[in-house]
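S.K.: this is a predicted model, with the sequence first.
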Amino acid sequence: MKVIITDLDRTLLRTDKSLSEYTCTILKKCHDRGILLMAATARPERAIMTYQKQIGFHAITTLNGAKIILPDGSIENGIMPSSAESILKKVITIPDIVLSMETGNGIFSNVPIEEWNTTVFSGFPALPTDGMIYKILLSSKETKIQMEVEKALTADTYMTVAEGKLVQIMSTAATKWNGIKAMLKAFGIDQSDAVYFGDDNDDVEPIKNCGVGVAVSNAIKRVLDTADYITDSNDLDGVARYIDMNIL
């Protein structure tokens with residue numbers, strides 16, 4: 001394998017969002033042997049900088065492919081403002097909806113979300129900014145919202161569900177697999193020379209299409225059924241253990 005690509009949350013990172021010393025040691029060995037390291041995550045760029053300093057990824061697909069960070073620049077696959085406005089007008093009426101929007105000017109939400117340090121915006125369904133719109137995120141403690149959100153989608157958007165509860169809406173161009181293809185192209189590497197590690201719905205396509213697809217044991221059933229191999233859980237450093245035993 002010429003390149004290792006991994007999801008972050010619930011895959012490379014432990015549940016407490018940390019990286020073990022063992023994992024860092026194994027990834028450093030990959031660097032030393034000339035194996036490229038890349039990440040593909042739902043996180044925005046600002047939420048991965050700590051891990052980037054620890055690991056030194058050669059390229060990163062962020063926001064499920066809405067922004068791809070390459071050595072010589074970045075690629076953005078945002079939601080069209082007209083599509084975002086159409087979606088917001090429909091989803092804002094869902095009872096108890098918690099709505100946030102990742103943009104080029106930061107993250108806005110209709111209620112405070114301390115974990116994400118959001119800027120509260122009371123003007124939805126109007127757009128909170130004229131900057132790039134990367135992603136719309138929706139959840140509700142009281143209401144099952146997936147069916148209602150699906151009805152609100154436009155022809156150029158799609159949705160995924162993370163951890164069984166957080167609905168994410170992106171441009172149809174913004175997928176992890178599209179991001180991975182762009183990263184591989186930038187380095188002139190074929191997908192058959194890549195191994196991918198993941199755990200959730202948006203990891204299925206990369207696991208299926210990379211040369212080797214590996215699921216951590218805590219992955220959802222759909223990922224476990226798709227993967228070529230299953231490694232230990234994220235809390236048992238499954239990614240690093242697979243690399244140690246099968247690649248190094």
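M.R.: In hand now; what should we look at?
S.K.: the closest residue to Trp177 other than its chain neighbours: what's it in contact with?
M.R.: Take Trp177 and drop its neighbours on the chain: the residue closest to it by C-beta to C-beta, 6 or more residues apart in numbering is Glu205, 4.2 Å away. Where you see a C-beta, it was placed from the backbone N, CA and C, and this is true even at glycine. Taking C-beta atoms under 8 Å, 6 or more residues apart in numbering, we find Glu205 in contact with 175-177.
S.K.: gap between Glu205 and Tyr229?
M.R.: 17 Å (C-beta to C-beta, to the nearest Å).
S.K.: equivalent analysis for Gly34, please.
M.R.: Separation of Gly34 from Tyr229 (C-beta to C-beta) stands at 23 Å.
S.K.: neighbour count for the two, which is higher?
M.R.: Neighbour count, other C-beta atoms under 10 Å: between Gly34 and Tyr229, Tyr229 has more, with 13 against 7.
S.K.: so what's the backbone phi/psi at that one?
M.R.: phi -140, psi 160 (degrees, to the nearest 10).
S.K.: so what sits opposite it in the bridge?
M.R.: With DSSP bridges as the criterion, Tyr229 is bridged to Val214.
S.K.: ok now stretch 203-211, how far from the chain's centre?
M.R.: 14 Å (C-alpha atoms, centre = their mean, to the nearest Å).
S.K.: alpha carbons only: can I get it in CSV?
M.R.: Only the C-alpha atoms of stretch 203-211 are listed here, as CSV (Å, rounded to 0.1, in the frame of the first residue of the first chain):
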residue,chain,number,x,y,z
ASP,A,203,-17.2,5.3,4.7
VAL,A,204,-19.0,2.6,2.7
GLU,A,205,-18.0,3.9,-0.7
PRO,A,206,-14.3,4.4,0.1
ILE,A,207,-14.1,1.0,1.8
LYS,A,208,-15.7,-0.6,-1.3
ASN,A,209,-13.5,1.2,-3.9
CYS,A,210,-10.0,1.4,-2.3
GLY,A,211,-7.6,-1.5,-2.9
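S.K.: would you map the helices across the chain?
M.R.: 21-32, 49-55, 81-91, 146-152, 176-187, 204-209, 221-226, 238-246 (DSSP state H).
S.K.: Ile133: which of these is closest?
M.R.: helix 81-91 (5.0 Å; C-beta to C-beta).
S.K.: only C-alpha atoms, please: export the closest one in PDB.
M.R.: Extracted C-alpha coordinates of helix 81-91, given in PDB (Å, rounded to 0.1, in the frame of the first residue of the first chain):
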ATOM      1  CA  PRO A  81     -27.300  29.300  -2.000                       C
ATOM      2  CA  SER A  82     -30.600  28.800  -3.700                       C
ATOM      3  CA  SER A  83     -30.700  25.100  -2.800                       C
ATOM      4  CA  ALA A  84     -29.700  25.900   0.800                       C
ATOM      5  CA  GLU A  85     -32.500  28.500   1.100                       C
ATOM      6  CA  SER A  86     -35.000  26.000  -0.300                       C
ATOM      7  CA  ILE A  87     -34.000  23.300   2.200                       C
ATOM      8  CA  LEU A  88     -34.000  25.700   5.100                       C
ATOM      9  CA  LYS A  89     -37.500  26.900   4.400                       C
ATOM     10  CA  LYS A  90     -38.700  23.400   4.700                       C
ATOM     11  CA  VAL A  91     -36.700  22.000   7.600                       C
END
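S.K.: cool, thanks, talk later.
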